[in-house]
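Participant: The following block contains a protein sequence and its predicted model.
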Amino acid sequence: MSGEGDSAVGEHGVSKRAKAANRKAVKPETRLAMVRRARRINRELAEVYPYAHPELDFRNPFELLVATVLSAQTTDLRVNQTTPALFAKYPTPEDLAAAVPEEVEELIRPTGFFRAKTKSIMGLAAALRDDFDGQVPGRLEDLVKLPGVGRKTAFVVLGNAFGVPGITVDTHFMRLARRWRWTESDDPVKIEAEVATIFPKSEWTMLSHRVIFHGRRICHARKPACGACPITHLCPAYGEGETDPEKARKLLKYEMGGFPGQRLNPPAGYPGRPAPPLGGDA
């Protein structure tokens, strides 16, 4: 017998005991360390996307509310290409509530699920007309009572039309919050609550924009562009996507990849190109 036991040295000169010790040396991240890392991610994303903004075109709270409802299961770009004709014909809740459903369906058909969405936006328009004097309410508890309006939609409207801080947990935010280990939950309400404990309330709305921007442009669902990501040093999920810098750059979307953005009428300071109207060339 050799008598090596647990301290046996393998062919590469590393003992089994040393390997075990190395595995134990990688300690789980503490809550404090996670919070510090999360806040640093937010600060660095603010430098990457100083122009982060809601990517739905709107001129008033009513247009933002309708556009957000229409954005379910489609892109903001497709909504932005669809709403000009809708709002030209029905500029107020009273107008939309009194519309012929089939005519609304035809106008919003490009956004998909147009029958269900017609029912929602006409229903919320009627509720605004009947219960809120034709005005979009600025309180969460009132907004979520409207047809087709959940917490995500309500926070989009509150944060961007009324300046009320809120965390918008869409698919991008949910994916990145989990990749960055801010949460282990897959429930939007729980994610919202957990992330709210990490950041000051004053940061919630802009945090949402920055995370969603990053998810759309770099940290994609199927193949993240890890090799072109500016916050890899803070990301526990680095390596899930393409790490080669040249290949990763080809995965970048919107202005990061030199393509048009999602808004037909982007805000001042946006570095990319406006999106084309429906049927237009990019």
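Facilitator: In hand now; what should we look at?
Participant: tell me which element Asp95 falls in.
Facilitator: helix 93-97 (DSSP states H and E).
Participant: can you give me how far that helix is from the chain middle?
Facilitator: Centroid separation for helix 93-97 versus its chain: 29 Å, with CA atoms, centre = their mean, to the nearest Å.
Participant: I'd like the next helix or strand past it.
Facilitator: helix 101-108.
Participant: for the record, mean pLDDT for that next one?
Facilitator: For helix 101-108, mean pLDDT rounds to 98.
Participant: Now do the next helix or strand along the chain from that helix and helix 101-108, the angle between them.
Facilitator: Per DSSP H and E, helix 101-108 leads on to helix 114-131 as the next helix or strand towards the C-terminus. Following axes from the mean of the first three to the mean of the last three CA atoms, to 10 degrees, one obtains 120 degrees for the angle between helix 114-131 and helix 101-108.
Participant: quick one: buried residues of the helix or strand just after helix 114-131?
Facilitator: Downstream of helix 114-131, the next assigned helix or strand under DSSP H and E is helix 140-143. Buried positions in helix 140-143, judged by neighbour count with 16 or more other CB atoms under 10 Å: Leu143. Just so you know, the C-beta spots here come from the backbone N, C-alpha and C atoms, and that holds for glycine as well.
Participant: Show me what helix 140-143 is packed up against.
Facilitator: helix 151-161 (3 or more CB pairs under 8 Å, 6 or more residues apart in numbering; DSSP states H and E).
Participant: Pull the residues that contact the helix it packs on.
Facilitator: Helix 151-161 has contacts (CB atoms under 8 Å, 6 or more residues apart in numbering) with 54, 56, 58, 60-61, 64-65, 68-69, 136, 138, 140, 143-144, 164-170, 188-189, 192, 204-205, 208.
Participant: Generate a PyMOL selection restricted to the buried entries among the residues you listed.
Facilitator: Remark: buried members of those, expressed as a PyMOL selection using 16+ other CB under 10 Å:
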select buried, resi 54+56+58+61+64+65+68+69+136+143+164+165+166+167+168+169+170+188+192+204+205+208
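Participant: Among the contacts of helix 151-161, which ones are in helices?
Facilitator: 61, 64-65, 68-69, 140, 143, 188-189, 192, 204-205, 208 (DSSP state H).
Participant: buried residues in stretch 186-199?
Facilitator: 188, 191-192, 194-195, 198-199.
Participant: that older thread, what does the helix holding Asp95 rub up against?
Facilitator: 62, 66, 89-90, 104, 121-122, 124-126, 128-129, 134.
Participant: re the thing from before, quick check, nearest of the ones in helices among the contacts of helix 151-161 to Arg31?
Facilitator: Glu192 (18.2 Å; CB to CB).
Participant: thinking the closest one is in contact with Val169, fair?
Facilitator: Yes. With contact defined as CB atoms under 8 Å, Glu192 reaches Val169; the gap is 5.0 Å.
Participant: spatially speaking, which residue is in the middle of the chain?
Facilitator: Ile212 (3.1 Å; CA atoms, centre = their mean).
Participant: Spit out the contact partners of it.
Facilitator: 55, 168, 170, 172-173 are the contacts of Ile212 under CB under 8 Å, 6+ apart.
Participant: I'd like those residues written out as TSV, with pLDDT and distance to Ala46 added.
Facilitator: As requested, the contacts of Ile212 are exported to TSV (pLDDT from 0 to 100; distance: CB to CB, whole Å):
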residue	pLDDT	distance to Ala46
Glu55	98	17
Thr168	96	16
Asp170	96	19
His172	97	17
Phe173	98	16
